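Asker: okay, structure incoming, though there's no sequence with it:
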């Protein structure tokens, strides 16, 4: 089992920045590809970003490419999502995720083995 706990969500204005964090515990953290998904009201949960076990490879959804940065610290057992130039359409519950799949394979919800409980991000216009 892997337990994931997100933090850092909140209410910001368009153009602002926000940093989400995810603390992991349980099985070997470094053995998992880690990532972030989000779900807006009335919409399907969608992939946002993923980072490889070593942290050397990352993958982003087109909608956040260039604005969001995912990182991980295997010593501290955490991953972060730095979100810049936020837009109202970024409003969603953001979920931390862990998968045994590789970075590119983690874009599907079905590839996720463990989920966090989610943290709300609201961007006002």
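Answerer: Cool, the structure landed. Quick caveat, the model's predicted, so the values are computed rather than measured.
Asker: was I right to think residue 86 contacts residue 18?
Answerer: Yes - counting by CB atoms under 8 Å, residue 86 does reach residue 18; the two are 6.4 Å apart. Backbone N, C-alpha and C define where each C-beta goes, glycine included.
Asker: intersection of neighbour lists for the two?
Answerer: Counting by CB atoms under 8 Å, 6 or more residues apart in numbering, the shared contacts of residue 86 and residue 18 are 12, 121.
Asker: got the contact list for residue 125?
Answerer: 13, 14, 88 are the contacts of residue 125 under CB under 8 Å, 6+ apart.
Asker: gap between it and residue 95?
Answerer: Noted for residue 125: a distance of 24 Å to residue 95, by CB to CB, to the nearest Å.
Asker: how near is the residue most central in space within the chain to residue 115?
Answerer: Nearest to the geometric centre of the chain sits residue 36, at 2.0 Å (CA atoms, centre = their mean). When distance is defined by CB to CB, residue 36 is 11 Å away from residue 115.
Asker: where does the prediction get shaky in the chain?
Answerer: For the chain, the stretches with pLDDT under 70 are 27.
Asker: quick one, strands of it?
Answerer: Here the chain has its strands, by DSSP state E, at 2-7, 10-13, 18-26, 33-39, 46-51, 58-60, 68-73, 78-83, 92-99, 114-115, 119-124.
Asker: show me the contacts for the spatially closest residue to the residue nearest to the centre of the chain that is not a sequence neighbour.
Answerer: With CB to CB, 6 or more residues apart in numbering as the criterion, residue 36 has its nearest non-adjacent residue at 4.3 Å, and that residue is residue 48. Contact partners of residue 48, counting by CB under 8 Å, 6+ apart, are 35, 36, 37, 38, 60, 61, 64, 68, 81, 94.
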